Every structure is written in C-alpha cells, then in structure tokens.
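Visitor: I'd like to go over a predicted model; first the sequence, then the structure.
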Amino acid sequence: MQVLSTKAEFREYLENVRALGRTVGLVPTMGALHEGHLSLLRAAGADCDVVALTIFVNPLQFGAGEDLSAYPRPLDRDLELAEEAGADVVFTPTTDEMYPEPTLSTVHIEQLTAGMEGASRPTHFDGVTTVVAKLFNIAGPSRAYFGEKDFQQLAVVRRMAADLDQPITVIGCPIVRESDGLAMSSRNIYLSSAEREAATVINRALRAGAAMISAGEGDPAVIEEHMASIIEAEPLAELDYAVVVDPDLLITPAALISGTNVRLLMVAKVGSPRLLDNLGVDVP
C-alpha cells in the first residue's frame with residue numbers, strides 16, 4: 001500500500017493505473033476509520049482493480065462552535081486498518097496542500113442542502129461539496145463509495161456529480177451497525193456507557209416508523225410525530241429532527257404513495273455528539 005501526501009503524486013498514480021486499463025474505486029474519508037469505512041473499502045475492492053482511500057479532516061465543513069482541533073486523527077491506526085481492508089493507495093494531504101490559497105470558490109447545491117443537516121449546520125454542505133469536488137477532480141474517472149449513514153450527504157454528492165458532469169459514479173453502501181442496532185460512527189467514542197445504551201433509541205424509533213408504514217400508515221406527519229415521541233421518552237436523548245422524505249429530492253411528500261420508497265432520517269443529540277441514522281422503507 002502506498003501513502004501519498006501531494007495532489008500531484010495522487011493524480012499521477014491514478015492516471016497511471018487507468019493507462020493500464022484498470023478501474024479505480026475511491027473512498028473519501030476524514031479518517032478515524034471504523035467498520036463502516038472498512039466496508040466501503042471492501043466494496044470498492046470487490047468492484048474495482050485499485051482501491052484509493054483519502055484521509056483529510058476538512059476544515060471547510062466545520063461550523064461555528066464545532067471543534068476542528070478535537071476531531072480524532074489516529075493516522076497510524078487508520079493506515080493499518082486500510083491496508084488490512086485492501087486499500088492500494090492512501091492520499092493523506094495537509095490542509096496547506098489541499099488549500100494552498102484562501103478558498104474563493106465553493107460548490108453549493110440548492111434545495112437538497114436546505115433542510116435537516118443544512119438547517120442545523122448552515123455552512124456544512126458547502127464545505128463537503130467543495131472538498132469532494134476537489135478530490136473528484138484530483139482522482140479523475142472512478143467509482144466513489146459513500147456510506148448511507150450520512151444519507152443527505154450521499155444525495156448531495158450524487159446530485160453534484162450528475163449536475164457538473166463529473167466522470168464519477170457515486171455508489172451508496174449500506175449502514176454498518178453494532179449488534180444492538182446503533183449505526184457505527186466516529187462520534188460514538190464520545191458516548192459514556194449510559195449514553196451509549198441510550199443511543200440505541202434512535203434505531204428503535206426508525207424501526208417503529210418503518211413498522212407504521214408497513215402497517216399502512218400513509219401520513220408522514222403521523223409517522224414523524226410517533227418517531228419523535230420515542231426519542232423524547234429517552235431522558236438522555238435530545239431530538240434534532242425526525243423526517244420522512246423522498247430519497248432523491250429529500251422533501252416530505254404530502255402522503256405516501258403505494259409502490260414507492262421513502263427514507264426515514266433522524267438526528268438526536270446524546271451527550272455531546274449528534275448521532276445520525278436513517279432507514280429506507282418500501283411503501284406497501
């Protein structure tokens with residue numbers, strides 16, 4: 001496994017790979033790798049000839065009050081895990097390498113970034129799309145793998161790649177969960193034992209919403225209210241939002257339509273971290 005730290009090296013490596021007729025699977029991350037990230041690397045390895053991992057803690061996506069300096073950066077451990085999971089090359093740029101000059105150009109996606117995480121963190125998605133666009137441009141034609149846990153991010157990145165005609169196929173991969181249903185996240189390390197147990201309420205609330213849909217409930221407002229009530233009954237959890245949305249447009253339909261698919265998305269604060277989770281449901 002090669003570890004490269006400059007844009008020029010990474011770009012040249014992948015250009016040489018494609019010149020040999022080999023395909024590239026790209027996995028962009030901010031490091032602090034866990035099983036969810038490793039599942040993306042394995043998915044890329046199953047589909048592509050060469051697996052390229054990027055590790056970069058992107059300052060543009062941290063808003064006011066969010067502590068960039070506190071974000072975990074266990075690089076040596078990340079590299080060990082990446083190699084075990086099949087990464088062929090890892091790009092680990094510094095902030096100065098990625099942003100040698102003040103950033104005057106940003107990428108903004110309308111509509112999809114307006115609600116949910118965009119409402120809670122107004123500058124977040126512009127930071128995400130700007131750095132991902134840069135990584136796509138550096139890496140070149142490839143298949144890019146993102147986890148469905150950050151479902152809004154996945155939808156935004158997919159739309160960006162389509163709107164800008166980027167030579168990237170964006171692949172969404174299933175959420176990896178702990179045995180009790182909690183979605184794996186780098187933020188879980190901040191939970192105390194009591195908070196860790198309380199955090200399972202998020203997945204329980206999502207499954208309760210899914211059960212309502214399966215039983216024939218067609219009013220999104222009723223489903224959202226029920227999911228919210230489950231979170232509010234847990235003293236250690238503070239609900240941010242619980243919504244039922246169209247998976248492509250990320251807007252709540254007036255009523256559920258038989259034969260379609262919807263996404264239940266939820267964020268709750270448990271202790272200090274905000275925990276994201278979601279669930280796709282087919283409407284019977």
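Guide: That came through, no problem.

Visitor: Just give me the neighbour total for residue 269.
Guide: By the measure other CB atoms under 10 Å, the count of residues near residue 269 is 15. Just so you know, the C-beta spots here come from the backbone N, C-alpha and C atoms, and that holds for glycine as well.

Visitor: what's the distance between it and residue 199?
Guide: Counting by CB to CB, to the nearest Å, the gap from residue 269 to residue 199 is 10 Å.

Visitor: between the two, what contacts are shared?
Guide: Contact criterion CB atoms under 8 Å, 6 or more residues apart in numbering; residues shared by residue 269 and residue 199: 237, 275.

Visitor: Domain-wise, how is the protein divided?
Guide: Annotated domains of the chain cover 2-173, 186-282 [automatic domain parsing].

Visitor: any chance of those domains in TSV, plus distance to residue 179?
Guide: Formatted as TSV, the domains of the chain follow (distance: least, CB to CB, whole Å):
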stretch	distance to residue 179
domain 2-173	12
domain 186-282	10
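
Visitor: can you put those in JSON lines and add mean pLDDT?
Guide: Below are the domains of the chain laid out as JSON lines (pLDDT from 0 to 100):
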{"stretch": "domain 2-173", "mean pLDDT": "97"}
{"stretch": "domain 186-282", "mean pLDDT": "97"}
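
Visitor: Distance of residue 251 relative to residue 146?
Guide: Going from residue 251 to residue 146 by CB to CB gives 21 Å.

Visitor: Please identify which of these two sits among more neighbours.
Guide: Per other CB under 10 Å, whichever of residue 251 and residue 146 has more neighbours is residue 146, with 23 against 12.

Visitor: Tell me the spatial nearest neighbour of residue 125, not counting adjacent residues.
Guide: residue 113 (4.0 Å; CB to CB, 6 or more residues apart in numbering).

Visitor: tell me the contacts of the one you found?
Guide: By CB under 8 Å, 6+ apart, the contact set of residue 113 is 125-126, 152, 156.

Visitor: In helices, which of the residues you listed fall?
Guide: 125-126, 152, 156 (DSSP state H).

Visitor: Run through the strands of the stretch 1-150 of the chain in chain order.
Guide: With DSSP state E, counting those that start in this stretch applied, the stretch 1-150 of the chain shows strands at 2-4, 24-29, 50-55, 89-91, 142-147, listed in chain order.

Visitor: Take the ones you listed and lay them out in TSV including distance to residue 185.
Guide: Formatted as TSV, the strands of the stretch 1-150 of the chain follow (distance: least, CB to CB, whole Å):
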stretch	distance to residue 185
strand 2-4	25
strand 24-29	12
strand 50-55	16
strand 89-91	21
strand 142-147	10
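
Visitor: Out of those strands, which gets nearest to residue 280?
Guide: Closest approach to residue 280 among the strands of the stretch 1-150 of the chain (CB to CB): strand 142-147, 13.4 Å.

Visitor: what's the closest of the domains of the chain to residue 180?
Guide: Among these, if distance is taken as CB to CB, the winner is domain 186-282, at 5.1 Å.

Visitor: end-to-end on that closest one?
Guide: Domain 186-282 has an end-to-end distance of 29 Å (CA to CA, to the nearest Å).

Visitor: Okay, residue 19 and residue 96: tell me how far apart.
Guide: Shown here: residue 19 relative to residue 96, a distance of 29 Å by CB to CB.

Visitor: again, but for residue 35
Guide: Taking CB to CB, one finds residue 35 at 31 Å from residue 96.

Visitor: which residues in the protein form helices?
Guide: Under DSSP H, the chain gives helices at 7-19, 35-47, 75-84, 95-98, 117-120, 124-139, 151-163, 193-198, 201-214, 220-232.

Visitor: contacting residues for residue 116?
Guide: Counting by CB under 8 Å, 6+ apart, residue 116 touches 152, 241, 243, 250, 265, 267.
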